[in-house]
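1. Below: sequence and its predicted model.
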Amino acid sequence: MLPILRTNPLAIPLRAAAGNVAHKILYGGLADLRPMPRTLIDDGTLREVYHYRPLPGVAQTGDPVLLVTPLAAPAICYDLRRGCSVVEHLLRLGRPVYLVEYGEVSFANRSLGIEHWIEEAVPEAVRRVAEHAGRPVHVVGWSLGGIFALLAAADDTELPIASLAVVGSPIDVSKVPLVAPLRPLVDLTQGRIVTTAYQLLGGAPKPVVRWAFQLSAVDKLLTKPVAKLTHLADTEFLAQLEAVDRFTENLIAYPGRTFGQLYHRFFRTNVMVTGRVDLGDRTIDLAKVAVPVIVLAGSGDGIAPVPAVEAVLPLLGGAREVRFEVVPGGHLGMLTGRAARTTTWPLLAEWFGAHDAS
């Protein structure tokens, strides 16, 4: 009779955990943080437009995708790490992929207002991409990038946009639990305390932006040490934590005037919920957005909860088509978390395919 060999059920996880710890010590991390290769095709004041190089052996097909970065967030939000990158995923599907980012914001940029992004940065990026690719553009905007994309499309209906994808963009800030407790204090002081602070500092500095982002997921921040210990055998989990840490460490400052406009118009008076935003001598009306729009909200998003995002739907009466989907994840996770690979990304790919110009 052959002897029965029994395997210790803890042996495999322990070996995996030990391997992950050793790899972290020897190589500095588990995540493959190499950026997808790209080429600069256009630039201007706080505007850099990049074209991602096609993958070898993958034929390019369909209309191009332009990824619009929100203010304060680094462009790695779309290219978090290999295996969990929106850019990499779209390139594997054969999509031409482009991105607009804004570079480092300094005290010298304090006079720039939201007009710069709505009138110049986003529209110019759309035009350059359409010219470079020779086709209309699918525009994807995450967080504030989605709001800027919507306002740019409403402001200039002649832009060569094939469709819009608005991802985690809070339209009704009264529906954001993090904001609600602060509103009585802001109303009482008429925003003077914050106004004085950002005028003196020339905007919202990096540490403040980083603190605000971390506050939105403070529960995860507090439990992070325990989560690491209990997932030492999960290479994917640990790699994702490393990538998110790098993202948080690279958050960017807000220019002074832009921060002031966002604070007074979007936070204090909640103007986006009306669908109409005064800009200079004119009013931008979201009802003028004519292209198809898909709106995505994250089920666990603390910065842009589902009701805050969903509030945009009745404002898009002029759009040829409007689709709304709730996907798993928090503010960053819904865009580029591990679950996004089977939820958000297939939804976007399906949307682009259904709305290509030809």
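-> Received, thanks.
2. Contacts for whichever strand or helix holds residue 325 next, please.
-> Secondary-structure element containing residue 325, defined by DSSP states H and E: strand 322-327. By C-beta atoms under 8 Å, 6 or more residues apart in numbering, the surrounding residues in contact with strand 322-327 are 292-299, 306, 310, 313, 316, 334, 339-340, 343-344, 347, 351. In short, each C-beta sits where N, CA and C put it, glycine included.
3. so residue 34 makes contact with residue 82?
-> Yes - using C-beta atoms under 8 Å, residue 34 is in contact with residue 82, at 6.1 Å.
4. quick one, which of the two is more surrounded?
-> Neighbours per residue (other C-beta atoms under 10 Å) separate residue 34 from residue 82, with residue 82 holding more: 15 against 10.
5. Next up, the contacts around the more buried one.
-> Here residue 82 is in contact with 32, 33, 34, 88 (criterion: C-beta under 8 Å, 6+ apart).
6. Look up the closest residue to the second one, ignoring the ones flanking it.
-> When the adjacent residues along the chain are set aside, residue 33 lies closest to residue 81, with 5.5 Å between them (C-beta to C-beta, 6 or more residues apart in numbering).
7. Next, count neighbours for residue 312.
-> Neighbours of residue 312 using other C-beta under 10 Å come to 26.
8. Quickly note the distance from it to residue 285.
-> From residue 312 across to residue 285, the span is 13 Å (C-beta to C-beta, to the nearest Å).
9. swap in residue 259?
-> 24 Å.
10. Next: residue 262.
-> Distance from residue 262 to residue 285, by C-beta to C-beta: 19 Å.
11. Kindly report the same for residue 131.
-> 27 Å.
12. Which of the two has more residues huddled nearby?
-> Neighbours were counted for residue 131 and for residue 285 using other C-beta under 10 Å; residue 285 has more, 17 against 13.
13. what's around the spatially closest residue to residue 300 that is not a sequence neighbour, how many residues?
-> With sequence-adjacent residues excluded and distances taken as C-beta to C-beta, 6+ apart, residue 300 is closest to residue 330, at 4.7 Å. Using other C-beta under 10 Å, the number of residues around residue 330 comes to 20.
14. Do you know the pLDDT at residue 330?
-> At residue 330, the model reports a pLDDT of 92.
15. Mind checking what secondary structure residue 104 has?
-> The three-state assignment at residue 104 reads coil, by DSSP: H, G, I helix; E, B strand; the rest coil.
16. And for it, the neighbour number?
-> Considering only other C-beta under 10 Å, residue 104 is surrounded by 9 other residues.
17. Quick check: pLDDT value at the nearest residue to it once chain neighbours are set aside.
-> Nearest residue to residue 104, sequence neighbours excluded (C-beta to C-beta, 6+ apart): residue 252, at 6.5 Å. If you check residue 252, the pLDDT there is 71.
18. Kindly report the same for residue 164.
-> pLDDT at residue 164 comes out at 98.
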